[in-house]
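[1] Compute the structure for the input listed below.
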Amino acid sequence: MYNKYSINTTQNVSIDFEIAGIGDRLIALLMDYLILSGLLIGISLAASLLPSGSGGMYIFWAVLGFMAFLFHFFMEWLMRGQTFGKKYRNIKVVHQNGREANVLNYLTRNLIRPVDMFYGVGLLVVFFNKKSQRIGDMAAGTLVVKIEKESSEAKNVIANVEENYQPAFDKVNVLRLSQEDINLIKEVIHRPTMKMNWELVKLTAEKMKKKTEIYPRDIKNVTFLKTLIKDYNYHNIN
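    I've put the predicted structure just below:
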């Protein structure tokens, strides 16, 4: 079961993140270590061709050990918060204020990884921490969150409407929108949370409120736009 974590941006927009569960993190970690093990075995076999006892051999093993220790750091840095395992499980390291983590964040959380691995201390901390942070995450100010898959279908389908769906807004108001308006809304909101342009979401919502003369209270702009799409689809087939 995933926890929710909310932050407020500088535009006073509330963003909800879905904290990655222990299961996803363990599977990602196992996959990364399998990949790392394969790389180390391959490199070691190649190194066996070097003359034994040579100075170059010792330097080679020192460099190899350094690379293995910082494997996760390099992957997260190069893949912007992901490793191969994290990408497979659709999770990502982000800063706890909602922005992308930086190189220092990645380095800090991975330098402390040996502490987290000591007798499973990190796993225990994650289990009892409400943000599912291990010690390295707390030191770096990072979170591991679920990210949405960009779906090609989302760009082509207006919205899936449940069989018993009840529209939130009146037909006469919703059908003031044109297909161009709906395409604009889709372009603005059908993207992963981390790539959402919240200022553009706000401006689009304000435009659609004026056009439809719908001014709902206590509803987020992105939720309003998603509801407009579903209502538009419903009213066009009913």
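[2] where does Tyr234 land on pLDDT?
    In this prediction, Tyr234 carries a pLDDT score of 85.
[3] my bad, should have said Pro167
    pLDDT, read off for Pro167, is 89.
[4] Report the contact partners of it.
    Pro167 makes contacts with 174, 230-231, 234-235, as judged by Cβ atoms under 8 Å, 6 or more residues apart in numbering. Quick note: C-beta positions are derived from backbone N, CA and C, even for glycine.
[5] which non-adjacent residue is nearest the one residue sitting closest to the centre of the chain?
    The centroid of the chain falls nearest to Ile147 when counting by Cα atoms, centre = their mean (3.0 Å). Spatial nearest neighbour of Ile147, chain neighbours left out: Lys92 (5.0 Å); criterion: Cβ to Cβ, 6 or more residues apart in numbering.
[6] what's the helix or strand hosting that neighbour packed up against?
    Taking DSSP states H and E as the definition, Lys92 sits inside strand 91-95. Other elements packing on strand 91-95 under the criterion 3 or more Cβ pairs under 8 Å, 6 or more residues apart in numbering; DSSP states H and E are helix 22-47, helix 103-111, strand 142-146.
[7] Now tabulate these in JSON lines and tack on mean pLDDT and distance to Trp77.
    JSON lines is the format used below for those (pLDDT from 0 to 100; distance: least, Cβ to Cβ, whole Å):
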{"stretch": "helix 22-47", "mean pLDDT": "90", "distance to Trp77": "14"}
{"stretch": "helix 103-111", "mean pLDDT": "96", "distance to Trp77": "5"}
{"stretch": "strand 142-146", "mean pLDDT": "92", "distance to Trp77": "13"}
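[8] Take these and write them to a markdown table, including mean neighbour count.
    Listed next are those as a markdown table, based on neighbours: other Cβ atoms under 10 Å:
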| stretch | mean neighbour count |
| --- | --- |
| helix 22-47 | 14 |
| helix 103-111 | 18 |
| strand 142-146 | 23 |
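[9] Out of these, which gets nearest to Leu64?
    Minimum separation from Leu64 across the helices and strands packed on strand 91-95 (Cβ to Cβ) falls at helix 22-47, 6.2 Å.
[10] Which strands or helices does the closest one pack on?
    Using 3+ Cβ pairs under 8 Å, 6+ apart: helix 22-47 touches helix 55-69, helix 71-78, helix 84-89, strand 91-95, helix 121-128.
[11] tell me the secondary structure for Lys131?
    coil (DSSP: H, G, I helix; E, B strand; the rest coil).
[12] wait, what's in contact with it?
    By Cβ under 8 Å, 6+ apart, the contact list for Lys131 reads 3, 5, 19, 96, 137, 143.
[13] Just give me the closest of the residues you listed to Ser37.
    For the contacts of Lys131, the residue nearest Ser37 by Cβ to Cβ is Asp137; the value is 24.3 Å.
[14] list the contacts for Thr108?
    Thr108 sits next to 136, 139-140 when contact means Cβ under 8 Å, 6+ apart.
[15] and the gap between it and Ile182?
    For Thr108, the distance to Ile182 equals 45 Å [Cβ to Cβ, to the nearest Å].
[16] For Trp61, grab the count of nearby residues.
    Number of residues near Trp61 (other Cβ atoms under 10 Å) recorded here: 12.
[17] ok, it - contacts?
    With contact set as Cβ under 8 Å, 6+ apart, Trp61 has these partners: Ala47.
[18] pLDDT score for it?
    On pLDDT, Trp61 comes in at 77.
[19] Which of the helices and strands packed on helix 22-47 sits closest to Ser37?
    Per Cβ to Cβ, nearest to Ser37 of the helices and strands packed on helix 22-47: helix 55-69, 9.4 Å.
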